[in-house]
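# the amino acid sequence is not available; the structure is as follows:
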C-alpha cells in the first residue's frame, strides 16, 4: 500500500466522517424544525376550533365540518371525562397538563378552554405521516449525494496527496542518485527552512555531507597510518637486509639490533595510539582516578628522561575524577611528552586545578611556539608540522589527548603564538558520562 493511497484513503475516511456528522446534525435540525412547524399548525388549529365551537353551550362536535382541517385531530375533556373526540384521534394519555408534548414522534398541544362554566382540556395533534414525508425525502437525497461526495473526496485526496508527495519523490530520486554516484556533497533539491519537506531535504544534505567528511577523515587517517607504519617497517627491513648481506662483528650486530629495537618500540607506540583512538566508548572502565597523582608520576618520568629541562608541577593533594585510568594516564603522558619534546631545553609547567564539576590539566612550555596556521591543525590525527617531521612522533599524541578529553565530557584547548611558548589545557568532568 503506497503512501499516496494511504493519504487518499485517510482523506476519504475523514470526508465520510464529516458527511456522516453533517447528516446527523441536519437530520436532527430537520426533525426539530418539522416538529415546531407542526406545533405552530396545531396552535392555529386550536384557535380555529375554539372560534367555531360554542364550548359554553356544551354542544361540541369535533369533525371536519366543525373546525378541524387537514390531518389535525382533536379531543375535549371536562372534569376528567372525555366529552368529544375526532374520528381518527390517536391513543394519547388523558388529562395531560397544558403544554406541548412529543408523543411517539408526533406533536401534541394541550390547552385549557371553558365548557359550561368549567375548565376543560382541548388536546390537538397531527398524524405522524406528515413528518415522515420530509424525513424520507431527506434520506433519499442523502443516499444519492453521500456516495458522490465520498467519490469526489477520494479523487481530491488522491490529487492533493500526489501534489504533496511530489517533493518526496524528487528526494527519493536524488537519494538514489547519491547512492549510485557516491557524490555525498551535492545539494539536495528543495533543501530549505520553509517547510517540513524542505527541512527534511536540508537534514539529508547535512547528513550526507557529514558522512562525506567522515569518509575523507577515515581515508586520510588510513593513508597517514599506512605511511607511518611503512616507515619503521622499511627501515627494519633495510637494516636487516644490510646486516645479512655479509658477515658482521658483534659490535655491529648489537648496534643494528638496538636500531631495530627502537623501530619496534616506535611501531608499538603507534599501534597503541591507534588502538586507543579507535577504542569503543562502551568498553571504557570508569573508576575513581586521581589526576594529581597521574600528573606527578608523569613529571617524575619527564625529569628522568630530560634531566636538563626544568619540569615544574603545581597540583592540589588530590583531584579525583570518574574516568578510565588507562586513557587519562595516556592523556597526561602525551601532553607532558609533547611539551618536553618541543620545549628545546626551556622550562615546562604542569598545573592541575579542581574547580566545580571539572578538573583542568594545563601543560605549558617556554619553547618557540607555533604559528596560527599550524595551531589550527594541531590535534588532527597524523598531522605534524614540517619542523617536527624529523622527530620520532607519529602526529597522534594531541589527537589522542583530545579524544580522551571528549570521551570524558571535556575539551582540549591549544594556545600558542610564534616565539611565545605553547599551552595545552585539557578539561575533564568529575562525573564523566561517555556518549560518543
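That came through fine. Predicted model, so just to flag it, every value in this text is computed and none were measured. Residues are numbered from 1 along each chain as shown.
# can you give me the helices in the stretch 101-250 of the chain?
Assigned by DSSP state H, counting those that start in this stretch, the stretch 101-250 of the chain shows helices spanning 129-181, 196-245, 250-277.
# and those helices as JSON lines, adding mean neighbour count, mean pLDDT and distance to residue 114?
(Each C-beta comes from the backbone N, C-alpha and C, glycine too.) Below are these laid out as JSON lines (neighbours: other C-beta atoms under 10 Å; pLDDT from 0 to 100; distance: least, C-beta to C-beta, whole Å):
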{"stretch": "helix 129-181", "mean neighbour count": "14", "mean pLDDT": "76", "distance to residue 114": "30"}
{"stretch": "helix 196-245", "mean neighbour count": "14", "mean pLDDT": "75", "distance to residue 114": "76"}
{"stretch": "helix 250-277", "mean neighbour count": "14", "mean pLDDT": "76", "distance to residue 114": "110"}
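# distance to residue 427 for these - can I get that in CSV?
Listed next are the helices of the stretch 101-250 of the chain as CSV, based on distance: least, C-beta to C-beta, whole Å:
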stretch, distance to residue 427
helix 129-181, 38
helix 196-245, 24
helix 250-277, 19
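# point out where the stretch 301-436 of the chain drops to low pLDDT.
The stretch 301-436 of the chain contains residues with pLDDT under 70 at 373-377, 379-396, 432-436.
# where do the helices sit along it?
With DSSP H, counting those that start in this stretch as the criterion, the stretch 301-436 of the chain has helices at 325-342, 372-377, 397-407.
# and residue 187, which of these is closest to it?
Across those, residue 187 has its closest neighbour in helix 372-377 (27.4 Å, C-beta to C-beta).
# quickly list the domain ranges of this structure.
Here the domain parsing of the chain from automatic domain parsing is 3-132, 196-273, 281-429.
# buried deepest among these, which one?
Compared across those, domain 281-429 shows the largest average neighbour count, a mean of 18 (mean count of other C-beta atoms under 10 Å).
# that one: how far from the chain's middle?
Here domain 281-429 is found 38 Å from its chain centre; the criterion is C-alpha atoms, centre = their mean, to the nearest Å.
# ok, residues contacting stretch 200-219?
Defining contact as C-beta atoms under 8 Å, 6 or more residues apart in numbering, one finds that stretch 200-219 is touched by 167, 171, 175, 178, 184-185, 187-193, 381.
# now the residues you listed as TSV including distance to residue 97?
Listed next are these as TSV, based on distance: C-beta to C-beta, whole Å:
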residue	distance to residue 97
167	69
171	72
175	77
178	82
184	85
185	87
187	81
188	77
189	76
190	72
191	75
192	72
193	70
381	97
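# for the residues you listed, which one is nearest residue 23?
Nearest to residue 23 among the contacts of stretch 200-219: residue 167, at 36.4 Å, using C-beta to C-beta.
# who's the closest spatial neighbour of the closest one, skipping the chain neighbours?
The shortest distance from residue 167 to any non-neighbouring residue, by C-beta to C-beta, 6 or more residues apart in numbering, is to residue 197 (4.7 Å).
# got it, and residue 371?
In space, and not counting its chain neighbours, residue 371 is closest to residue 418: 4.9 Å by C-beta to C-beta, 6+ apart.
# distance of the one you found from residue 398?
Going from residue 418 to residue 398 by C-beta to C-beta, to the nearest Å gives 18 Å.
# repeat for residue 202
Residue 202 sits 34 Å away from residue 398, going by C-beta to C-beta.
# could you do residue 407 as well?
As judged by C-beta to C-beta, residue 407 and residue 398 stand 15 Å apart.
# and residue 56, what pLDDT?
Looking at residue 56, its pLDDT reads 55.
# same question, the one 10 residues further on
The predicted local confidence for residue 66 comes out at a pLDDT of 59.
# again, but for the one 10 residues further on
In this model, residue 76 is scored at 83, pLDDT.
# list the helices and strands the host helix or strand of it packs on?
Assigned by DSSP states H and E, residue 76 belongs to strand 72-78. Applying 3 or more C-beta pairs under 8 Å, 6 or more residues apart in numbering; DSSP states H and E, one finds that strand 72-78 makes contact with helix 3-52, strand 81-85, strand 106-115, strand 118-126.
# residues contacting residue 177?
Shown in contact with residue 177 (C-beta under 8 Å, 6+ apart): residue 183.
# between the contacts of stretch 200-219, which is closest to residue 84?
Nearest member of these to residue 84, counting by C-beta to C-beta, is residue 167, at 79.0 Å.
# mind listing what the closest residue in space to residue 186 that isn't next to it in sequence touches?
With sequence-adjacent residues excluded and distances taken as C-beta to C-beta, 6+ apart, residue 186 is closest to residue 178, at 7.1 Å. Listed by C-beta under 8 Å, 6+ apart, the contact partners of residue 178 are 184, 186, 208.
# now render the residues you listed as a markdown table, adding distance to residue 11.
Listed next are the contacts of residue 178 as a markdown table, based on distance: C-beta to C-beta, whole Å:
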| residue | distance to residue 11 |
| --- | --- |
| 184 | 37 |
| 186 | 35 |
| 208 | 33 |
